[in-house]
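>>> Return atomic coordinates for the entry below.
(chains A and B)
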Amino acid sequence: MAVIALQIFLLSIIAGIFGSILGLGGGIIITPALTLLFGIDIRYAIGASIVSVIATSSGAAVAYVRDKITNMRIGMFLEIATTIGAITGAFISGLINPKHLYVIFGVLLLYSAFAMLKKKNQELPEVVTAHPIANKLRLNGEYHDKSLSKDITYNVTGVYGGFGMMYIAGVISGLLGIGSGIFKVMAMDLFMKLPLKVSSATSNFMIGVTAAASAGVYLLRGDIDPKIAAPVALGVLIGATIGAKIMENLKSKTIRIIFIPVLAFVSIQMIIKGLGVKF
Amino acid sequence: MTKSNKVEEMEIIISKVLRIGVLLSAVIIFIGLSMFLVSGKSGYTGNYYPTNPLEILSGIISLKSYSIILTGILILILTPVFRVGVSIIVFFQEKDFLYVKITSLVFIILLVSFILGKVE
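This is a model prediction of the structure:
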């Protein structure tokens, strides 16, 4: 038992590092690893991955606060769309065949991967004119970039597109229980043209908040098995703290280069799942 | 004290409290997991573990390793909720009433989704 716990712990450190750098929460690593490598029932793997999302979010948050990379206003504003989306998703889940959804969103993600590939040499977004709503809601912000060692001010555009995409991100996570982090980063990066670090940190904040609501449900349902969740929580907390420190010092270009293959991998995985191909 | 100083001070307080919450949960989970791995006893029969907060907290009194772990996880789960709650206070202090409303709305939606999930 102790050996397995140690293995899960080490794996979770890695998941936490990647989760906090990319703003994805580590669930995409934790769930498949627990089921495929350790033969853990998917129910408890998902329970543990929800805990890992919160651990990434809070672990990274501790490191980010000082540099103000997380934009709390954008996070809160978009959180409205995501949470309503998640509730919608839970309600319509019986009406739609998830297989089609996996294909549709898989293709959408694959397209996003190409869109991201196009701007792979871009360190900071081109100067954009702030959307009138962004001015009104005071979404435009500023953060200190450690790798460039200067303060970066940025404007926010595409508020409607981003808000809509965020709603869809919520619906998807409500329906399929996955991918919410990826869609959040995409919405902020491609639609709202935020600096990638701000997108990643704000996504991390948001997924933690959303996950906390569902974690309560998972706990009551008995899906959070202490002997699995404990090493996951500890490992991810350590990993997320390390990852947040690494992320602060990374160039946005580098983060993007790590992000694109992850995006492509997840999208292909979703398409395969949707088409029902078995290996 | 100027307004921006006050806000900055508030943010430092949030980060400190958040850090304490995260550390506390990690220490508690670590203690519980160590107890479980060393003694091999979860404190409950078979594969059973408590799933509601009251049962978890009552297990702590008798130092059951599983309930100690779950208490730590419970604290961890509450950290983002705490963050949203404190943000409402911070926006209020900044006299940013639009965001007091937005953040409160998020808080309410989260509560609703939690209750809906429980009914399911």
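
>>> Am I right that residue A:57 falls within a strand?
No - counting by DSSP: H, G, I helix; E, B strand; the rest coil, residue A:57 is located in no strand; its state is helix.

>>> show me the residues around it that make contact.
A:25, A:204, A:205, A:207, A:208, A:209, A:211, A:240, B:80 (Cβ atoms under 8 Å, 6 or more residues apart in numbering or on different chains). For the C-beta atoms, the positions are set from N, CA and C on the backbone; glycine is no exception.

>>> Please convert the buried members of those into PyMOL selection syntax.
Here is the PyMOL selection string for the buried members of the contacts of residue A:57, based on 16 or more other Cβ atoms under 10 Å in any protein chain shown:
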select buried, (chain A and resi 25+204+205+207+208+209+211+240) or (chain B and resi 80)
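
>>> Lowest-confidence one in the contacts of residue A:57?
Lowest pLDDT of the contacts of residue A:57: residue A:25, 77.

>>> surely it meets residue A:204?
Yes - using Cβ atoms under 8 Å, residue A:25 is in contact with residue A:204, at 6.9 Å.

>>> between the two, what contacts are shared?
A:19, A:56, A:57, A:181.

>>> In the stretch 51-200 of chain A, mark out all the strands, start to finish.
For the stretch 51-200 of chain A, the strands defined by DSSP state E, counting those that start in this stretch occupy A:141-145, A:150-154.

>>> Residue A:94 and residue A:175: what is the separation?
Residue A:94 sits at a distance of 10 Å from residue A:175 (criterion: Cβ to Cβ, to the nearest Å).

>>> If you count surrounding residues, which of those two has more?
Higher neighbour count among residue A:94 and residue A:175: residue A:175, with 23 against 6, using other Cβ atoms under 10 Å in any protein chain shown.

>>> And the residue nearest the centre of chain B?
Nearest to the geometric centre of chain B sits residue B:78, at 1.9 Å (Cα atoms, centre = their mean).

>>> What backbone torsions are found at the closest residue to residue A:155 other than its chain neighbours?
Once flanking residues are discounted, residue A:155 sits nearest to residue A:130: 3.9 Å by Cβ to Cβ, 6 or more residues apart in numbering or on different chains. Backbone geometry at residue A:130, expressed as degrees, to the nearest 10, gives phi -70, psi 140.

>>> Would you mind listing what in the stretch 51-200 of chain A touches chain B?
Contact residues (Cβ under 8 Å from any Cβ of the partner chain) of the stretch 51-200 of chain A with chain B: A:51, A:54-55, A:57-59, A:61-62, A:65-66, A:72-73, A:76-77, A:79-80, A:83-84, A:86-87, A:90, A:137-138.

>>> What angle do strand A:141-145 and the helix or strand hosting residue A:49 make with each other?
Using DSSP states H and E, residue A:49 maps to helix A:42-64. Counting by axes from the mean of the first three to the mean of the last three Cα atoms, to 10 degrees, helix A:42-64 lies at 80 degrees to strand A:141-145.

>>> wait, the residue nearest to the centre of chain B sits on residue B:21?
Yes - under the criterion of Cβ under 8 Å, residue B:78 makes contact with residue B:21 at 7.5 Å.

>>> how about low-confidence regions in the chain?
Reading this off chain A. Scanning chain A for pLDDT under 70 picks out A:65-67, A:177-179, A:278-279.

>>> um, chain B though
Residues of chain B meeting the criterion pLDDT under 70: B:1-7, B:117-120.

>>> Output the longest helix belonging to it.
helix B:3-39 (DSSP state H).

>>> Report the separation between the closest residue to residue A:165 other than its chain neighbours and chain B.
Counting by Cβ to Cβ, 6+ apart, residue A:187 is the residue found nearest to residue A:165 once chain neighbours are left out, at 3.7 Å. Taking Cβ to the nearest Cβ, to the nearest Å as the criterion, residue A:187 is separated from chain B by 17 Å.

>>> Could I get the contacting residues of residue A:187?
A:78, A:161, A:162, A:165, A:166, A:169.

>>> Mind doing that once more with 10 Å?
For residue A:187, the contacting residues are A:78, A:81-82, A:112, A:158, A:161-169, A:194, A:199, A:203, by Cβ atoms under 10 Å, 6 or more residues apart in numbering or on different chains.

>>> my guess is residue A:117 meets residue A:190, correct?
No - the criterion here is Cβ atoms under 10 Å, and residue A:117 misses it with residue A:190 at 11.7 Å.

>>> quick one: the helices in chain A?
Under the criterion DSSP H, helices of chain A are mapped to A:2-22, A:27-38, A:42-64, A:72-92, A:98-118, A:132-136, A:159-176, A:180-186, A:196-221, A:226-249, A:252-275.

>>> ok so, going back, just put the contacts of residue A:57 in CSV and tack on distance to residue A:44.
Output for those, formatted as CSV (distance: Cβ to Cβ, whole Å):
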residue, distance to residue A:44
A:25, 18
A:204, 24
A:205, 26
A:207, 20
A:208, 21
A:209, 23
A:211, 16
A:240, 21
B:80, 22
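
>>> Now for the contacts of residue A:57: which two are most distant?
Across these, no pair lies farther apart than A:209 and A:240, at 15.3 Å, counting by Cβ to Cβ.

>>> can stretch B:104-111 be found next to chain A?
Yes - Stretch B:104-111 is in contact with chain A by Cβ under 10 Å from any Cβ of the partner chain, via B:104, B:105, B:106, B:107, B:108, B:109, B:110, B:111.

>>> Just give the number of residues close to the fifth one.
A count of nearby residues for residue B:108, using other Cβ under 10 Å, gives 11.
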